[in-house]
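S.K.: here is my input; please provide its structure:
(one chain, ligands or ions: 2)
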Amino acid sequence: MASSHSAHVAPAATRPVQAPSGFNAQARAVALGDVVLESGRTLPDVVMTYECWGELNDDASNVVLVEHALTGDSHVVGDTGDGQPTPGWWPGIIGPGAALDTDQYFVLAINVLGGCRGSTGPISLAPDGEPWGGRFPQVTVRDQVRAEAACLEALGVRRLHAVIGGSFGGMRTAEWVAGFPDRVERALVVASSGCATADQIAWGHTQVVAITSDPEFRDGDYLRHGTFPTNGLALARQIAHASYRSASEFEARFGAEPQPGEDPLEGGRFSVEGYLDHHGAKLARRFDPLAYVRLTQAMATHDIGRGRGGLDAVLEAYEGELLVAAVDSDRLFPVSASTRMVRAYGRGRLRMIHSPYGHDGFLIEADQVASLVQELVQRPLRGTPRLVRGVA
Ligand SMILES: CC(=O)SCCNC(=O)CCNC(=O)[C@H](O)C(C)(C)COP(=O)(O)OP(=O)(O)OC[C@H]1O[C@@H](n2cnc3c(N)ncnc32)[C@H](O)[C@@H]1OP(=O)(O)O
Ligand SMILES: N[C@@H](CCO)C(=O)O
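M.R.: Ligands and ions are numbered 1, 2, ... in the order given. Purely as a prediction, here's the structure:
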């Protein structure tokens, strides 16, 4: 299966990549050339960008791939530039002595194909020198993972010691397990699923409509028109953000309190409305609307079992180590989605992240995630011949 997938990606031409060293993150790019998508369309001149930490060992057997979530990026942890880590979106997880110990592991985070954080996406330039805009084709989670595999191959990395991801990053992690089972020794899927649920598709649909129905969207060609669908993107984020947090957290935190200085009886906002407004406006300042649409649609079509005999068959056949963790208060990626993966895999048990925050618990409860990561990377393999280092 893995070989047929790699055939979808043209031979890679890499930009020079120097051996990274020390803790400092290295932001780099790999040019893949033409990539044939699951749809049959060809995406030309694909470039993948990534950051990495630690040092690649001689036989390239110490590589850990971290997959970012929907609006995340390769900046898993920060770096002050003088070698000292600063918080990123999974603070403290990478560094000397951290769960992903840079004295042992070479950690990579690749910006997703179709996003807006450096890898090819809707704001990239098409061959005609203009931004892709609305012409940017729909990509799938499979396309994204195949592009990541090609990116890693170009770097001389074929097998992964571990792949780790939460939410949309967990979807790509699950797709690594399904699409490249012989290359992934261990995987940790956090607050995610092996296939999209109707509920997730429904939530995503409302967000896509919020963006595409903004008059400034212009069929995705807002850059060419000099407009920007700020309101649509902010509304999409508000809808999404409400699904990322738990009802009980909202109740305890905001109740029906007014936003400071405002009176809902006089047309002012409730505090929870002010909070959602804040998160909507904040995302609209840092994210591309069409990338948001394309990534949301990619999530909707996520199904590791499509054309492979179903999710159960795929996970049951996986011979590596799989850890699945759910957030106990997650209403977007429910515990049942994780339980389904564990049952299909047939080994191990579901790990629970305890959090009052809902889905965002996978970001907020970084200490609990770090414990799971540590357990995964240190876990001895069950030792089937397929998993002996260097044997692909
Ligand atoms: C993988 C990735 O997601 S990568 C990028 C990281 N994620 C994001 O940025 C997504 C957006 N943010 C989030 O999802 C969350 O803020 C998390 C998960 C990162 C952190 O959660 P928490 O620590 O619980 O932060 P919380 O949700 O309370 O948000 C705090 C913000 O809300 C603001 N806020 C809180 N209440 C109100 C209110 N009533 N009115 C206006 N603003 C408010 C705070 O001032 C603060 O603003 P700031 O973030 O600009 O400093
Ligand atoms: N806050 C996360 C939630 C989605 O997983 C994000 O924006 O990526």
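
S.K.: list the contacts of Ala191.
M.R.: With contacts defined as Cβ atoms under 8 Å, 6 or more residues apart in numbering, Ala191 is in contact with 166-167, 170, 325-327, 330, 333, 338, 353, 359, 361-362. Every C-beta, even on glycine, is put in place using the N, C-alpha and C of the backbone.

S.K.: around ligand 2, pick out the residues from the stretch 101-250 of the chain.
M.R.: Residues of the stretch 101-250 of the chain lying near ligand 2 by Cβ under 6 Å from any ligand atom: 167-168, 244.

S.K.: save those as CSV, and put in pLDDT, neighbour count and distance to ligand 1 too.
M.R.: What follows is these, written out as CSV (pLDDT from 0 to 100; neighbours: other Cβ atoms under 10 Å; distance: Cβ to the nearest ligand atom, whole Å):
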residue, pLDDT, neighbour count, distance to ligand 1
Ser167, 98, 28, 7
Phe168, 98, 26, 8
Tyr244, 98, 24, 6
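
S.K.: kindly present these as JSON lines, with separate columns for distance to Thr140.
M.R.: Listed next are those as JSON lines, based on distance: Cβ to Cβ, whole Å:
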{"residue": "Ser167", "distance to Thr140": "17"}
{"residue": "Phe168", "distance to Thr140": "12"}
{"residue": "Tyr244", "distance to Thr140": "23"}
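
S.K.: make a markdown table from those residues and add secondary structure and distance to Gly194 to it.
M.R.: Listed next are these as a markdown table, based on DSSP: H, G, I helix; E, B strand; the rest coil; distance: Cβ to Cβ, whole Å:
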| residue | secondary structure | distance to Gly194 |
| --- | --- | --- |
| Ser167 | coil | 13 |
| Phe168 | helix | 13 |
| Tyr244 | helix | 20 |
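
S.K.: could you pull out the strands for the chain?
M.R.: 26-36, 42-53, 63-67, 78-79, 85-86, 94-95, 100-101, 106-110, 162-166, 186-190, 321-327, 351-353 (DSSP state E).

S.K.: the longest one pairs with which strands, parallel or anti?
M.R.: Sheet pairing for strand 42-53, assigned by DSSP bridges, gives strand 26-36 (antiparallel), strand 106-110 (antiparallel).

S.K.: which of the residues in it are buried?
M.R.: Buried residues in strand 42-53, counted by 16 or more other Cβ atoms under 10 Å: 43, 46-53.

S.K.: among those, which ones lie close to ligand 2?
M.R.: Okay, of those, nothing touches ligand 2 (Cβ under 6 Å from any ligand atom).

S.K.: which residues touch Arg351?
M.R.: Arg351 makes contacts with 323-326, 372, as judged by Cβ under 8 Å, 6+ apart.

S.K.: can you pull out the helices in the stretch 151-300 of the chain?
M.R.: In the stretch 151-300 of the chain, the segments counted as helices under DSSP state H, counting those that start in this stretch are 168-179, 198-212, 222-225, 230-244, 247-253, 271-284, 289-300.

S.K.: so for the shortest one, what's the average pLDDT?
M.R.: This means helix 222-225. Across helix 222-225, the average pLDDT comes to 95.

S.K.: show me what it is packed up against.
M.R.: The helices and strands touching helix 222-225, judged by 3 or more Cβ pairs under 8 Å, 6 or more residues apart in numbering; DSSP states H and E, number zero.

S.K.: how many neighbours does Val66 have?
M.R.: Number of residues near Val66 (other Cβ atoms under 10 Å) recorded here: 28.

S.K.: against Val107, how distant is it?
M.R.: Noted for Val66: a distance of 6 Å to Val107, by Cβ to Cβ, to the nearest Å.

S.K.: and for those two, which residues touch both?
M.R.: Joint contacts of Val66 and Val107 (Cβ under 8 Å, 6+ apart) are 76, 94, 100.
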